[in-house]
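A.B. asks: Sharing a sequence plus its predicted fold:
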Amino acid sequence: MPMASTPHSLMAVNQRPEQVFVRGAGAYLYDREGRRYLDWVQGWSVNCLGHSPAVIAQALCAQAHTLINPGPAFYNEPAMELAELLTRHSCFDQVFFASSGAEANEGAIKLARKWGQRHKNGAFEIITFDNAFHGRTLATMSASGKPGWDTLFAPQVPGFPKARFNDIESVRALISTNAVAIMLEPTQGEAGVIPADMAFLQGLRALCDEHELLLIVDEVQTGCGRTGTLFAYEQYGIEPDIMTLGKGLGGGVPLSALLAKEACCCFEAGDQGGTFCGNALTCAAGVAVMRSLLADGFLAESREVCARLRSGLVDVAMEFQLGEVRGRGALLALELGRDIAAEVVTLAREMGLLLNAPRAHCLRFMPPLNSTAAEVQEGLGLLRQVLATLLKNQALPAVAAAPDASRDALRVTVYDDRLHRAEVISLWRQVFGYETAHNAPELAIDRKLAMRDGLFFVATVGGAVAGTLMAGYDGHRGWLYSVGVHPAQQKTGVGAALIRHAERALKDRGCLKINLQIIGSNERVTGFYQALGFVVEPRISMGKILHKADMTPSPDSPCRVQEPGGGAVAG
């Protein structure tokens, strides 16, 4: 009897856990010890229909008995049918098939540069973004903005200037006569599931039209139903010039695609190819996937179940005082507010739930698109068990009656783009009446929470929440939003301490001025801010220049601030 195979001859390119998986069925994986795991990684969004779905197994079996690979120099029926399905249901005209997302992105880079040679005097630069992920070939690593990759296999391939995601002006600043295209993921998956803002992606389309650039969307992860629509770009009301697909396109089989509008299709014979590109076997799997995704009601039902998952994650975040839930459809992330994601992943695996941690402080969820409500409930239950075990005695207590700040030291903690919607709403509901005072339409809290560059300050006294403040910044300007102080802490200096900390943090980020708006006419509130150095400005309500002389010592040094009518407290 042959010995069971071991992984010891595999190259150590990943830190793999000890489990050896031998079978998959739908949402579940089984190891050779017989344990079952609910898999919310699914090969990093690859298994869009779950593990070993019958429709793909049957398509592969039938095709393997007929024709596997006639070679890329000949037509085959599955490739032609899949190309027709993709173009019929997208804005693109032609398709090139490959085996991996990196290979498709490499093809997109080559196509854009070829187009630049023909139509833009040899322009070759493709503007990409910080924290982007486009693959692991040398060119796609150079196009990526993953920290540390610029030196990993130096020197990089030149021609990929990096802009800031969701910052249209940073893109505009990089456009030169050498620019030929802008390339981005509609949602940055490896960065922690960061969706592009509507205005940002529409602005990129306008920039490309203005400067005769190609817009390339890397939908290797977001495509094929992953974010709720067949392709993510459909949600933004724009049409890209080039799109890449991978992962879910083969449903577990190595298959990717480069799609382009006819005006961009300038490859000549011999410019692009590959031994396995467009082979009949993998394209048969792709046809099975596309037919499933396009079946009546499939994507609608997927959106409904994934909405339950998202809502459940928001409830979990509030229950454990975690951070925001980001993403769309079946590509979601949960901010943890602390660097414990690896511990969560490990304990979850021990409990039978497979999760991914793209960053040290957040989890990524990539369940099958055909998940059931029962599977969602099971996974959320397991996640709660994991968090209850890890976060025991760590969460901030809910405030029933805030301690007296005059007796206990006041501590202010700042979270930079970590704790947003779920955490803020949770705290406001507990302490400040979020549903009424803090979510009036004129305050537009939901829009403020969607800011890219946001800071959230939490003041605690004796371990209980005493106040919160949200701040934003764009370039050299900062804004204060929604300063909230627990009723029991009014006139004790909590609000002033939060504002002083916000001033320091914004100044550290290069802000020269800080602004705020006061809703309605309130002399008492205006007087409070004037006492802190703000002046009335008709257009923005109130503002303050952040001169060095205005700044209090660093947070590590003791400081005392005075709120009008209240006692002094340590800041």
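C.D. replies: That came through, no problem. Numbers count the residues shown, from 1 in each chain.

A.B. asks: Distance from the chain centre to the biggest strand by length in the chain, please.
C.D. replies: Counting residues, the longest strand found in the chain (DSSP state E) is strand 464-474. Centre-to-centre, strand 464-474 and its host chain are 22 Å apart (CA atoms, centre = their mean, to the nearest Å).

A.B. asks: Who are the contact partners of residue 263?
C.D. replies: Contacts of residue 263 were listed using CB atoms under 8 Å, 6 or more residues apart in numbering, and they are residue 241. In short, each C-beta sits where N, CA and C put it, glycine included.

A.B. asks: Next: residue 287.
C.D. replies: By CB under 8 Å, 6+ apart, the neighbours of residue 287 are 59, 78, 81-82, 85.

A.B. asks: want to throw the residues you listed into CSV with neighbour count, secondary structure and pLDDT?
C.D. replies: Conversion of the contacts of residue 287 to CSV gives the following (neighbours: other CB atoms under 10 Å; DSSP: H, G, I helix; E, B strand; the rest coil; pLDDT from 0 to 100):
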residue, neighbour count, secondary structure, pLDDT
59, 23, helix, 98
78, 23, helix, 98
81, 16, helix, 98
82, 26, helix, 98
85, 18, helix, 98
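
A.B. asks: Can you tell me which of those residues is nearest residue 249?
C.D. replies: Taking CB to CB as the measure, residue 249 sits nearest to residue 82 out of those, at 8.6 Å.

A.B. asks: How far off centre is stretch 371-385?
C.D. replies: 22 Å.

A.B. asks: scratch that, stretch 85-103
C.D. replies: 24 Å.

A.B. asks: Would you mind listing the buried residues in that stretch?
C.D. replies: Neighbour-count burial for stretch 85-103, with 16 or more other CB atoms under 10 Å as criterion, is recorded at 85-86, 90, 92, 95-103.

A.B. asks: Likewise for stretch 15-24?
C.D. replies: Buried-residue list, stretch 15-24, by 16+ other CB under 10 Å: residue 24.

A.B. asks: End to end on it, go ahead and measure it.
C.D. replies: 21 Å (CA to CA, to the nearest Å).

A.B. asks: likewise stretch 68-81?
C.D. replies: Termini of stretch 68-81 sit 15 Å apart (CA to CA).

A.B. asks: starting at the chain centroid, how far to it?
C.D. replies: 36 Å.

A.B. asks: and what of stretch 289-301?
C.D. replies: 25 Å.

A.B. asks: try stretch 143-154
C.D. replies: Worked out by CA atoms, centre = their mean, stretch 143-154 lies 19 Å from the chain centre.

A.B. asks: contacting residues around that stretch?
C.D. replies: So stretch 143-154 is in contact with 105, 109, 126, 128-135, 138, 141-142, 156-157, 160, 162, 183, 190, going by CB under 8 Å, 6+ apart.

A.B. asks: What subset of these is buried?
C.D. replies: Here, 16+ other CB under 10 Å leaves 105, 109, 126, 128-135, 141-142, 156, 160, 162, 183, 190 buried among the contacts of stretch 143-154.

A.B. asks: residues in contact with the residue most central in space within the chain?
C.D. replies: Closest residue to the average C-alpha location of the chain: residue 193 at 1.6 Å, with CA atoms, centre = their mean. Residue 193 makes contact with 187, 326-327, 331-333, 358, 362, 364 under the criterion CB under 8 Å, 6+ apart.

A.B. asks: Apply 6 Å and report the result again.
C.D. replies: 326-327, 333, 364 (CB atoms under 6 Å, 6 or more residues apart in numbering).

A.B. asks: Over to residue 40?
C.D. replies: Residue 40 touches 354-355, 365, 367, 379, counting by CB under 6 Å, 6+ apart.

A.B. asks: picking up where we left off before, let's see which of the contacts of residue 193 end up in strands.
C.D. replies: 326-327, 333, 364.

A.B. asks: Looking at these, which is nearest residue 386?
C.D. replies: Nearest member of the ones in strands among the contacts of residue 193 to residue 386, counting by CB to CB, is residue 364, at 14.9 Å.

A.B. asks: how much space is there between residue 143 and residue 18?
C.D. replies: 35 Å (CB to CB, to the nearest Å).

A.B. asks: swap in residue 157?
C.D. replies: 37 Å.

A.B. asks: Not including adjacent chain positions, what is the nearest residue to residue 288?
C.D. replies: Ranked by CB to CB, 6 or more residues apart in numbering and with sequence neighbours excluded, the top spatial neighbour of residue 288 is residue 59, at 3.9 Å.

A.B. asks: Now do the same contact list for the one you found.
C.D. replies: Residue 59 makes contact with 284-285, 288 under the criterion CB under 6 Å, 6+ apart.

A.B. asks: mind redoing it with 7 Å?
C.D. replies: 284-285, 287-288 (CB atoms under 7 Å, 6 or more residues apart in numbering).

A.B. asks: Dump those into CSV; add pLDDT, distance to residue 172 and secondary structure as well.
C.D. replies: As requested, these are arranged in CSV below (pLDDT from 0 to 100; distance: CB to CB, whole Å; DSSP: H, G, I helix; E, B strand; the rest coil):
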residue, pLDDT, distance to residue 172, secondary structure
284, 98, 45, helix
285, 98, 42, helix
287, 98, 41, helix
288, 98, 43, helix
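
A.B. asks: Highest neighbour count among those?
C.D. replies: residue 284 (30 neighbours; other CB atoms under 10 Å).

A.B. asks: How many residues are close by the closest residue to it other than its chain neighbours?
C.D. replies: With CB to CB, 6+ apart as the criterion, residue 284 has its nearest non-adjacent residue at 3.8 Å, and that residue is residue 63. By the criterion of other CB under 10 Å, residue 63 has 22 neighbours.

A.B. asks: helix or strand for residue 63, which one?
C.D. replies: In this assignment (DSSP states H and E), residue 63 forms part of helix 54-64.

A.B. asks: Mind listing what's buried along that helix?
C.D. replies: 55-56, 59-60, 63.
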